[in-house]
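Chemist: take a look and give me a structure for this.
(2 chains)
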Amino acid sequence: KQEVTQIPAALSVPEGENLVLNCSFTDSAIYNLQWFRQDPGKGLTSLLLIQSSQREQTSGRLNASLDKSSGRSTLYIAASQPGDSATYLCASRNAGNNRKLIWGLGTSLAVNP
Amino acid sequence: DAGVTQSPTHLIKTRGQQVTLRCSPKSGHDTVSWYQQALGQGPQFIFQYYEEEERQRGNFPDRFSGHQYPNYSSELNVNALLLGDSALYLCASSSNIMEPGQGSHEQYFGPGTRLTVT
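Modeler: Residues are numbered from 1 along each chain as shown, chains lettered A, B, ... in the order given. I've put the predicted structure just below:
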């Protein structure tokens, strides 16, 4: 049974710092892995999706990497800004005919001006 | 493209009542998934609909049921509401069609419906 863990649970950094959020999964037979952002009380915004055959994806100041063999994905945020403050969740989709996402509990990020 | 839309945005019900939540998928998407997210928790998968049938189901009781219409829109119904059903209910849509070179099965989420049961 796939389990997804995110570390740390919460993070507070000064503006301008580069930071890394971690996501680990127990079953390496994933189809893809997706990173989301969630603002308080709001829905989810997809940030990056990495297919199982890919090693990383980039969008602006965000870079997500995937290492299936070690069961890890990282989300790198460069030059953090106060507007980046939100909860970041990762979710994996297992290979095979299984379309549901397995979620971590998220990392709550606060970027202080 | 309006993206994924959900209605209503907020809802207050009392224990024992029934509720229906609605979702319209992103244009071009044919698959709708429903999730329940309690405060401070990650989303929990309820079920997924494709071709008007429930294809997968998470660990939720039969009080939770759904429907998908020919236009791919979907409803989530919850009967005999409990206090513990209070949560943000998220709808996500995706395409079952794999486009070459494109991210396949990427899910797009709506803003959610905040259900409060008193």
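Chemist: what about the spatially most central residue of chain B, which helix or strand?
Modeler: Centroid check for chain B by C-alpha atoms, centre = their mean gives B:Trp34 as the closest residue, at 2.7 Å. Using DSSP states H and E, B:Trp34 sits in strand B:31-37.
Chemist: distance check, A:Gln2 against chain B.
Modeler: Distance of A:Gln2 to chain B, given as C-beta to the nearest C-beta, to the nearest Å: 12 Å. Any C-beta I mention is one placed from the backbone N, CA and C, and that applies to glycine too.
Chemist: give me the neighbour count for that residue.
Modeler: 17 (other C-beta atoms under 10 Å in any protein chain shown).
Chemist: so which bits of chain A are right by chain B?
Modeler: A:31-32, A:34, A:36, A:41-46, A:49, A:51, A:89, A:91, A:93, A:98-101, A:103-106 (C-beta under 8 Å from any C-beta of the partner chain).
Chemist: write a PyMOL command that selects only the buried members of the residues you listed.
Modeler: Remark: buried members of these, expressed as a PyMOL selection using 16 or more other C-beta atoms under 10 Å in any protein chain shown:
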select buried, chain A and resi 31+32+34+36+43+44+46+49+51+89+91+93+99+100+101+103+104+105+106
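Chemist: among the residues of chain A next to chain B, which are located in strands?
Modeler: The members of the residues of chain A next to chain B that map onto strands under DSSP state E are A:31-32, A:34, A:36, A:44-46, A:49, A:51, A:89, A:91, A:93, A:101, A:103.
Chemist: which residues does stretch A:8-28 contact?
Modeler: A:1-7, A:33, A:35, A:68-69, A:71-82, A:88, A:90, A:92, A:94, A:102, A:104-113 (C-beta atoms under 8 Å, 6 or more residues apart in numbering or on different chains).
Chemist: which among those residues end up buried?
Modeler: The buried subset of those - by 16+ other C-beta under 10 Å - is A:2, A:4, A:6, A:33, A:35, A:68, A:71-75, A:77, A:80, A:88, A:90, A:92, A:94, A:102, A:104-109, A:111.
Chemist: just the strands in chain B please.
Modeler: B:5-7, B:10-13, B:19-24, B:31-37, B:44-50, B:53-57, B:64-68, B:74-78, B:87-94, B:108-109, B:113-117.
Chemist: now the third one against strand B:113-117, angle please.
Modeler: The directions of strand B:19-24 and strand B:113-117 differ by 180 degrees, with axes from the mean of the first three to the mean of the last three C-alpha atoms, to 10 degrees as the criterion.
Chemist: and strand B:19-24, average pLDDT?
Modeler: In this model, strand B:19-24 has a mean pLDDT of 98.
Chemist: ok, now the longest one?
Modeler: Averaged across strand B:87-94, the pLDDT comes to 93.
Chemist: who are the packing partners of that strand?
Modeler: If contacts are counted by 3 or more C-beta pairs under 8 Å, 6 or more residues apart in numbering or on different chains; DSSP states H and E, strand B:87-94 sits against strand B:5-7, strand B:19-24, strand B:31-37, strand B:74-78, strand B:108-109, strand B:113-117.
Chemist: try 7 Å this time
Modeler: Under the contact criterion of 3 or more C-beta pairs under 7 Å, 6 or more residues apart in numbering or on different chains; DSSP states H and E, strand B:87-94 touches strand B:31-37, strand B:108-109, strand B:113-117.
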